[in-house]
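Engineer: dropping a prediction and its sequence here:
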Amino acid sequence: MTMRNTLYGPINESVWVKAAQIKLLICDVDGVFSDGRIYLGNQGEELKAFHTKDGFGVKSLINAGIDVAIITGRKSLIVENRMANLGVQYIYQAVEDKFATYQQLLTQLGLVPQQVAYIGDDLVDQPVINHCGLGVAVNDAHPGLLLGCDYQTFVAGGFGAVRETSDLILASQGLLAQAKGMSV
């Protein structure tokens, strides 16, 4: 097994090769963009914390011509606003069947599975991870998800795991040096 050193640590060379083909990164939200906790106030308001590192990574991908999408099981105005601020065009919320939405997105964008990376944190993400080019699990993902993924981030969900994945994709394509995002 050939290893390659990255900014985050050593990875298998096959992961690097897969990342070089990516044209679309699909992300789950809770446990990936956030730490998975949902804060509920006495008046029913919902709060989530997002990391600016992830925002920079998403904007860098988009600026490099790599699309970003989210597919999440929950619906939240907070998520809608955050993703809109980052420039994410493909936002799918309240999705019960992530794999069906994934297939629809591939058809819409004219992509094949090898051109898609998916990052998730729990078993509901397994069907997509098993059928995309680069399946990524955040560092603190459910152990069952790790069995089918190509890459486990060094960073936990909500603390820059999306940025790590973005950096991997950009670096493998020779685009990291000119990464231009914004911490939003």
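Structural biologist: Arrived safely. Numbering: from 1, shown residues only.

Engineer: and stretch 37-49, end to end?
Structural biologist: Terminal residues of stretch 37-49 lie 9 Å apart, using Cα to Cα, to the nearest Å.

Engineer: check which residues of that stretch are buried.
Structural biologist: Buried residues in stretch 37-49, counted by 16 or more other Cβ atoms under 10 Å: residue 48. The way it works is simple: take the backbone N, C-alpha and C, and place the C-beta from them, glycine included.

Engineer: that one: how far from the chain's middle?
Structural biologist: Taking Cα atoms, centre = their mean, to the nearest Å, one finds the center of stretch 37-49 at 23 Å from the center of the full chain.

Engineer: what residues are up against the residue nearest to the spatial centre of the chain?
Structural biologist: Nearest to the geometric centre of the chain sits residue 27, at 3.4 Å (Cα atoms, centre = their mean). Counting by Cβ atoms under 8 Å, 6 or more residues apart in numbering, residue 27 touches 33, 68-71, 118-120, 162.

Engineer: same thing but at 10 Å, please
Structural biologist: By Cβ atoms under 10 Å, 6 or more residues apart in numbering, residue 27 lies in contact with 33, 54, 58, 68-72, 83, 88, 117-121, 125, 136, 138, 161-162, 165-166.

Engineer: which strand residues bridge it?
Structural biologist: residue 70, residue 119 (DSSP bridges).

Engineer: need the strands for this protein, in chain order.
Structural biologist: Counting by DSSP state E, the chain has strands at residues 3-5, 10-12, 24-27, 39-40, 46-47, 67-71, 90-92, 116-120, 134-137, 151-152.
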